[in-house]
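**Q** Predicted structure and sequence below. I'll ask about it afterward.
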Amino acid sequence: MGFGRRVFFFDESQGIQRIPNKRFERIYDGKESCPCYADNTIRYAHLFLLFLDRRPISVSHMEFFTLRFDEEGFHDRDFLNRLAMMSYEGIQAQVSGGNNVVYVSNRIAQRCLARLHWKPTDGEMEALRNQLPPGLI
């Protein structure tokens, strides 16, 4: 028994497209560009699968994120850094004290997460199910 993962890009023009793991790692690390996504934000699904005898038997976890590309089609890591700094500043403000500051820091963290996460519609979940062997989701 083992674990594996599948990555799917959700694109309005191309529909759902499975991305090989190695390619996704190169894209995410900024080592490979995707000119077709230049200066855009796309949504993607990250699925973690349970395997038995090298066959997927169930989906153990699903995450839905956005991925921002710069004008050359590379993953915009500066965007992630800006979001991380906003979260960090919120945490710093929380440490310095004050009830209002805690509330503001939570709102900053929620706003940062909202830019990175998304929730699929029923139609998108159905399309994702069609990309996998029957009965996994």
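**A** Received, thanks.

**Q** show me where this structure has strands.
**A** Counting by DSSP state E, residue ranges of the strands within the chain are 2-11, 15-19, 41-52, 55-68.

**Q** With distance to I137, mean neighbour count and mean pLDDT added, can I get those strands in a markdown table?
**A** Heads up, the C-betas are built off the backbone N, CA and C, glycines and all. Putting these into a markdown table (distance: least, C-beta to C-beta, whole Å; neighbours: other C-beta atoms under 10 Å; pLDDT from 0 to 100) gives the following:
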| stretch | distance to I137 | mean neighbour count | mean pLDDT |
| --- | --- | --- | --- |
| strand 2-11 | 11 | 16 | 93 |
| strand 15-19 | 13 | 14 | 92 |
| strand 41-52 | 8 | 16 | 93 |
| strand 55-68 | 5 | 15 | 92 |
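
**Q** got a markdown table for the ones you listed, with distance to L132 too?
**A** Putting the strands of the chain into a markdown table (distance: least, C-beta to C-beta, whole Å) gives the following:
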| stretch | distance to L132 |
| --- | --- |
| strand 2-11 | 7 |
| strand 15-19 | 9 |
| strand 41-52 | 8 |
| strand 55-68 | 7 |
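
**Q** can I assume P35 is in contact with G73?
**A** Yes: contact criterion C-beta atoms under 8 Å: P35 and G73 qualify, at 4.1 Å.

**Q** in this structure, which spans are helices?
**A** Ranges of helices in the chain, per DSSP state H, are 21-28, 77-95, 99-116, 122-130.

**Q** more neighbours, P35 and G73?
**A** G73 (17 against 9; other C-beta atoms under 10 Å).

**Q** Report the contact partners of the more buried one.
**A** G73 sits next to S33, C34, P35, C36, Y37, A38 when contact means C-beta atoms under 8 Å, 6 or more residues apart in numbering.

**Q** Would you write a PyMOL line that selects the buried entries of those residues?
**A** One line in PyMOL is enough to select the buried members of these, burial here meaning 16 or more other C-beta atoms under 10 Å:
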select buried, resi 33+34+37
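
**Q** what's the most distant pair in the contacts of G73?
**A** Spanning the widest gap among the contacts of G73 are S33 and C36, at 9.6 Å by C-beta to C-beta.
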